[in-house]
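J.: Next comes the sequence, and after it the predicted model I'd like to discuss.
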Amino acid sequence: MEDILKLDYWLFETINQAAPIYVIEQLLILVRHPIFWIPLYLFIVSFLVFNFKEKAYWIILFSLLTFGTSDMVSSQLIKKSVQRLRPCRTEAPIQVTTRVYCGSGYSFTSSHATNHFAIAVFWMFVLGKYIKWVKIPLIFWAGIISYAQVFVGVHFPTDVLVGSIIGCMIGYLWAALYARYYENKLQIT
């Protein structure tokens, strides 16, 4: 366990202490903020309503169930059970560059990673049948938001990694339930 913590701290410092180009740094700070990603999600909801008509409401409902489940699992169940301090609040022997406000909540797992990967995987399976090219951008989107959480100093890499894995499982579960009860099949390509 101690070796995993050492690796986690080393990876954190490597990502967090990186000195990227100013524009990239500002983008990574911005990309993790709701003001950046809410317009994209509103666009996707509008796209669904416009293109999928009645089916859109089911996709939106299952998207909300996916998000609600992932947020509850990460924020309520895991964080409150594990109670790992954020890198910007820990007494661990690490250097931390805090680029955003350091919240008072716990670190493990990253709710940003859990939630965005859950939605990305859900949409990947549900929308990916109709829009093949959307799969990679969705995973990239969730990945960059997750990476940004480490870069700004509010999460350790394991917080993001485990959150991503849990989010993927929740997204897949809700996509399978959607397929079973709404479409009666889940096509993976």
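T.: Thanks, I have the structure now.
J.: Run through the chain and note the low-pLDDT ranges.
T.: 1, 184-189 (pLDDT under 70).
J.: So which residue is dead centre in it?
T.: residue 113 (2.5 Å; C-alpha atoms, centre = their mean).
J.: Could you find the closest non-adjacent residue to it?
T.: residue 163 (3.4 Å; C-beta to C-beta, 6 or more residues apart in numbering). Heads up, the C-betas are built off the backbone N, CA and C, glycines and all.
J.: how about the helix or strand hosting residue 140: buried residues?
T.: Element membership of residue 140, judged by DSSP states H and E, is helix 135-151. Within helix 135-151, the residues that qualify as buried are 135, 138-139, 141-143, 145-151, counting by 16 or more other C-beta atoms under 10 Å.
J.: Taking helix 135-151 as reference, get the angle to the helix or strand following it.
T.: Following helix 135-151 in sequence order, the next helix or strand is helix 157-178 (DSSP H and E). Calculated by axes from the mean of the first three to the mean of the last three C-alpha atoms, to 10 degrees, helix 157-178 forms an angle of 150 degrees with helix 135-151.
J.: So which elements touch helix 157-178?
T.: Here helix 157-178 touches helix 2-16, helix 54-71, helix 111-127, helix 135-151, going by 3 or more C-beta pairs under 8 Å, 6 or more residues apart in numbering; DSSP states H and E.
J.: So which residues make contact with the longest one?
T.: Contacts to helix 54-71, defined as C-beta atoms under 8 Å, 6 or more residues apart in numbering, come from residues 45, 48-49, 52, 111, 114-115, 117-119, 122-123, 126-127, 166-167, 170-171, 173-175, 177-178, 182.
J.: about what we covered before: just to check, the residue nearest to the centre of the chain is in contact with residue 147?
T.: No. Between residue 113 and residue 147 there is no contact under C-beta atoms under 8 Å: 9.2 Å.
J.: Could you measure from residue 49 over to residue 157?
T.: Using C-beta to C-beta, to the nearest Å, we find residue 49 at a distance of 37 Å from residue 157.
J.: quick one on the thing from earlier: buried ones only from the contacts of helix 54-71, please, as a ChimeraX command.
T.: Typed into ChimeraX, the line below selects the buried ones among the contacts of helix 54-71, using 16+ other C-beta under 10 Å:
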select :48,52,111,114,115,117,118,119,122,123,126,127,166,167,170,171,173,174,175,178
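J.: so what does the helix holding residue 140 touch, helix or strand wise?
T.: helix 2-16, helix 22-31, helix 34-52, helix 111-127, helix 157-178.
J.: re the thing from before, how about the helices and strands packed on helix 157-178 in a markdown table, adding distance to residue 91?
T.: Putting those into a markdown table (distance: least, C-beta to C-beta, whole Å) gives the following:
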| stretch | distance to residue 91 |
| --- | --- |
| helix 2-16 | 12 |
| helix 54-71 | 28 |
| helix 111-127 | 23 |
| helix 135-151 | 19 |
